[in-house]
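J.: Below is the sequence, then the predicted model.
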Amino acid sequence: MLQILKKLNYNNHFLKNTFTKSLIAISAIGLFTVNCSANDITTNKSKSILLKPIDSLNDEQYDKFILGKSFFRIPWVEAPSATTARDGLGPLYNANTCISCHPNNGRGSLYNKNGSFSRSLIAKPSFDPIYGSQIAINAIHGVKYEAKTDIKFEEIKVAFPDGEIDTLLKPIYGLKDLQYGPLDKKTVLSFRLAPGLNGLGLISQISDDDILKNEDPNDKNGDGISGRANFIYSPITKQHELGRFSWKAQITTLKHQVADAANNDMGLTTSYYQDENCTKFQEECNKSPKPRDAIDLNDERLEAIKFYLENRKTYSQKLNENNKGYKIFKEIGCVNCHIDSFETKNGIKFAPFSDILLHDMGEGLADGKIEGKASGSEWRTAPLWGLSLHEKINNKKPRLLHDGRARTFQEAILWHGGEANKAKERYMNLKKDDRKELLEFLKEV
């Protein structure tokens, strides 16, 4: 069994020389779960903190962690290739590595350095007969990509009761350079920005009951908030399960997330998604060269990526009950959905600032896309923890909300409608200094 020294700088040269041995090691490890401890939650804002493993991994587990990390970070190539362990990219794809959309495991950026839209922004139509359920901006040699992102923004002025004026950017969704003809007239187009990967292992360890106890679909308590769970079909278990990941809680588990992203974002087949992501109208895509293996990302490697994602350090702000911004956060009702206290099955308390439930956010944020039980205006409460790492990781402030339209926390708050409308109104009626205190608190979450 390969034992990888934890002090080793695991660079690409070493990976190349030990890759075959690692594959042998992962086959022998088997499937097992590692429970995080409270020591694995840190206030360290290093740009690489989300890349670091939890402390409790033994040597075999660390081998598995490193193998998963390598498949998460090192590019896939198109088939056929001498690199059989990593061929199978595409035919249609958005990125050739996971890290391309999740830099240092953080949140994706809306724009590249040259001002073009980044690969982290994904166009997600309701299923289109020609283009399917996701638009690919790249393709392998000999196959046409599908389209390019084309979003324009309309400015909307918002006036506060005290006279302050802020400007929101309303996105007008579009595509350009469509290679296979126009979208179907009935197709609804949405855009999603790659979320940060902070604390995925802890969220996985919340019991279903602890999430479901916060449901109030009929608003029995009369507070205007009626969170509800999304139950969705899992290709892993072949049954409907509680959704807890992604923008509409349409992903059930981390293994489901890895398999789904591998297929939709990189065009990689797995035992759970065995078909290439071509529709019947895309002839070149269907006739493209095939890799030597029937499955691009086999079960052992898929499991290794999942293991890597769930066994990394988690960033979490140390909460101070006397912090004025935190007090205001609770007083105006933000905490009713952005819950600041959960506990894992083994007793670790943490604050993701999310209830993992769906909420109707109003017409302004509605994208019209139905996913499982999530309506066109419902979204999972986005976990806020880790957003303060974005500037460290990307050298720019984060763009917020599902499509990156909000440039600041205040803009994000002002887009809240539906169930969150009362909390937004309370925020708008705060004194300007109190609004500033709240915003400063959010910048540190």
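T.: Nice, I can see it. Numbering: from 1, shown residues only.
J.: Show residues contacting stretch 410-419.
T.: The contact list for stretch 410-419 (Cβ atoms under 8 Å, 6 or more residues apart in numbering) reads 158, 166, 168-169, 224-227, 337, 359-365, 377, 400-401, 405-406, 423-424, 427-428, 435, 439. All C-beta atoms are positioned from the backbone trio N, CA, C, and that covers glycine.
J.: Now do the strands in the stretch 51-200 of the chain.
T.: Counting by DSSP state E, counting those that start in this stretch, one finds strands in the stretch 51-200 of the chain at the ranges 92-93, 121-125, 138-139, 148-149, 152-159, 165-172, 175-176, 189-193.
J.: Next, format those as a markdown table and append mean pLDDT.
T.: Listed next are the strands of the stretch 51-200 of the chain as a markdown table, based on pLDDT from 0 to 100:
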| stretch | mean pLDDT |
| --- | --- |
| strand 92-93 | 98 |
| strand 121-125 | 97 |
| strand 138-139 | 98 |
| strand 148-149 | 98 |
| strand 152-159 | 98 |
| strand 165-172 | 98 |
| strand 175-176 | 98 |
| strand 189-193 | 97 |
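J.: Pick the most deeply packed of those.
T.: Across the strands of the stretch 51-200 of the chain, the average number of neighbours (mean count of other Cβ atoms under 10 Å) peaks for strand 92-93, which reaches a mean of 27.
J.: That strand pairs with which strands?
T.: Strand 92-93 has these partner strands in its sheet, going by DSSP bridges: strand 138-139 (antiparallel).
J.: which residues touch the partner strand?
T.: Defining contact as Cβ under 8 Å, 6+ apart, one finds that strand 138-139 is touched by 90-96, 145-146, 285.
J.: Out of the helices and strands in the chain, which is least certain?
T.: Here the helix or strand of the chain ranked lowest by mean pLDDT, DSSP states H and E is helix 12-29, holding a mean of 38.
J.: Correct me if wrong: residue 439 contacts residue 329.
T.: No. The pair formed by residue 439 and residue 329 falls short of the contact definition of Cβ atoms under 8 Å, at 10.2 Å.
J.: picking up where we left off before, of the contacts of strand 138-139, closest to residue 38?
T.: Distance to residue 38 across the contacts of strand 138-139 (Cβ to Cβ) is lowest for residue 95, with 34.3 Å.
J.: Count the residues that sit near the residue nearest to the closest one when sequence neighbours are not counted.
T.: With Cβ to Cβ, 6 or more residues apart in numbering as the criterion, residue 95 has its nearest non-adjacent residue at 4.7 Å, and that residue is residue 119. Counted with other Cβ atoms under 10 Å, the neighbours of residue 119 add up to 21.
J.: Against residue 321, how distant is the residue nearest to residue 335 when sequence neighbours are not counted?
T.: Beyond its immediate neighbours in the sequence, the residue positioned closest to residue 335 (Cβ to Cβ, 6+ apart) is residue 329, lying 6.0 Å away. As for residue 329, its distance to residue 321 is 11 Å (criterion: Cβ to Cβ, to the nearest Å).
J.: residues in contact with the residue positioned nearest the centre of the chain?
T.: In the chain, the residue lying closest to the centroid (Cα atoms, centre = their mean) is residue 195, at 3.4 Å. Contacts of residue 195 were listed using Cβ under 8 Å, 6+ apart, and they are 107-108, 246-247, 382.
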